[in-house]
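Participant: Based on what follows, work out the 3D shape:
(one chain, ligands or ions: 1)
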Amino acid sequence: MRLTIIGCSGSFPGPDSPASSYLLEAEGFRLLLDLGSGSLGVLQRYAGLYDIDAVCLSHLHADHCLDLCAYYVARTFPPGGPRPRIPVYAPGGAASRMARAYGLAEPPGMTDAFEFVTLSPGSRRIGPFEVATAHVNHPVETFGFRLGHAGRSIAYSADTGESAALVELAREADLLLCEASFLDGPGLPSDLHLTARQAAQHAARAGAGQLILTHLVPWNDRARTLEQACASTFTGPISLAASGQSLELG
Ligand SMILES: [Zn+2]
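Facilitator: Below you'll find the model as predicted:
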């Protein structure tokens with residue numbers, strides 16, 4: 001399976017990356033994990049606009065889902081007519097939330113373009129991927145993911161504070177793609193985001209093969225983010241996500 005990082009900027013787009021979005025491909029199937037602000041534009045460098053087979057939204061914060069509005073327009077009004085519906089796996093309430101975000105009346109909202117499927121914790125197959133989901137620790141309902149294909153696996157934290165569920169999702173995964181929104185410091189809010197050091201501690205507890213730090217907030221110093229993660233007990237490779245970076249597993 002191939003992972004391409006479309007957007008890894010935390011909380012809002014940065015000068016060199018859209019907000020959260022990740023493209024996973026296997027056996028010709030293309031799954032988008034999150035579709036944050038600005039990601040639909042950059043996505044088109046790496047996949048055809050209509051070559052996406054499914055979308056998963058970890059949660060309904062704007063920086064993880066709002067480009068679904070742009071994608072709705074792209075799929076609904078192209079020359080030649082609307083493109084077929086594709087599934088959007090998301091927390092409950094996503095169809096109404098996205099209709100309101102765009103200002104669409106319900107029904108139909110976006111349901112002619114997208115088949116909204118409500119996520120719940122557990123396992124399901126999406127195309128060729130085995131997908132496990134679990135609630136992580138964030139102020140709105142948020143799912144962490146583990147995607148498996150041909151014996152390889154990628155775990156994705158979404159947005160979370162410290163989370164035992166994330167450790168389980170990432171258990172011996174080849175790669176943990178983990179948010180690192182905070183740098184170490186006093187007075188950090190709990191149950192919201194991870195520091196780079198905490199991200200690496202989660203990777204260590206899970207026994208993950210490698211760690212890519214993502215959801216990098218533009219106001220943070222990236223060198224310090226990497227340095228603080230490397231000061232943890234995690235012994236595998238640690239790197240910072242970058243828009244356009246691609247990784248083949250298996
Ligand atoms: Zn969030």
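
Participant: can you map out the strands along this structure?
Facilitator: 2-7, 21-26, 29-33, 54-56, 86-90, 114-118, 122-126, 129-135, 143-149, 152-156, 175-179, 210-214, 238-240, 246-248 (DSSP state E).

Participant: The last one: which residues count as buried?
Facilitator: Right, strand 246-248. Within strand 246-248, the residues scored as buried using 16 or more other CB atoms under 10 Å are residue 247. (C-beta placed from N, C-alpha, C; glycine too.)

Participant: What of the fifth one?
Facilitator: Neighbour-count burial for strand 86-90, counted by 16+ other CB under 10 Å, picks out 86-90.

Participant: For the residue nearest to residue 140 when sequence neighbours are not counted, grab phi and psi.
Facilitator: Closest residue to residue 140 apart from its sequence neighbours, by CB to CB, 6 or more residues apart in numbering: residue 59 at 5.5 Å. Torsion angles at residue 59 (phi, psi; degrees, to the nearest 10) stand at phi -160, psi 170.

Participant: circling back to that earlier point, the ion is nearest to which of the strands of the chain?
Facilitator: The closest of the strands of the chain to the ion is strand 175-179. By CB to the ion, the value is 8.8 Å.

Participant: Tell me if the closest one is near the ion.
Facilitator: No: residues of strand 175-179 contacting the ion under CB under 5 Å from the ion: none, with a closest distance of 8.8 Å.

Participant: Residue 144 against residue 58, yeah?
Facilitator: Yes: if you go by CB atoms under 8 Å, residue 144 and residue 58 touch, sitting 7.3 Å apart.

Participant: residues bridging contact with these two, i.e. touching both?
Facilitator: Shared contacts of residue 144 and residue 58, defined by CB atoms under 8 Å, 6 or more residues apart in numbering, are found at 156, 158.

Participant: residues in contact with residue 224?
Facilitator: By CB under 8 Å, 6+ apart, the contact set of residue 224 is 183, 196.

Participant: ditto for residue 67
Facilitator: 18, 21, 35-40 are the contacts of residue 67 under CB under 8 Å, 6+ apart.

Participant: now do residue 237
Facilitator: 210-211.

Participant: rewinding a little: may I see the buried residues of strand 86-90 arranged in JSON lines, with distance to residue 204 as well?
Facilitator: Shown next, in JSON lines, are those (distance: CB to CB, whole Å):
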{"residue": "86", "distance to residue 204": "37"}
{"residue": "87", "distance to residue 204": "35"}
{"residue": "88", "distance to residue 204": "34"}
{"residue": "89", "distance to residue 204": "29"}
{"residue": "90", "distance to residue 204": "31"}
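
Participant: Quickly name whichever of these is closest to residue 223.
Facilitator: Minimum distance to residue 223 across the buried residues of strand 86-90 is 34.9 Å, recorded for residue 90 (CB to CB).
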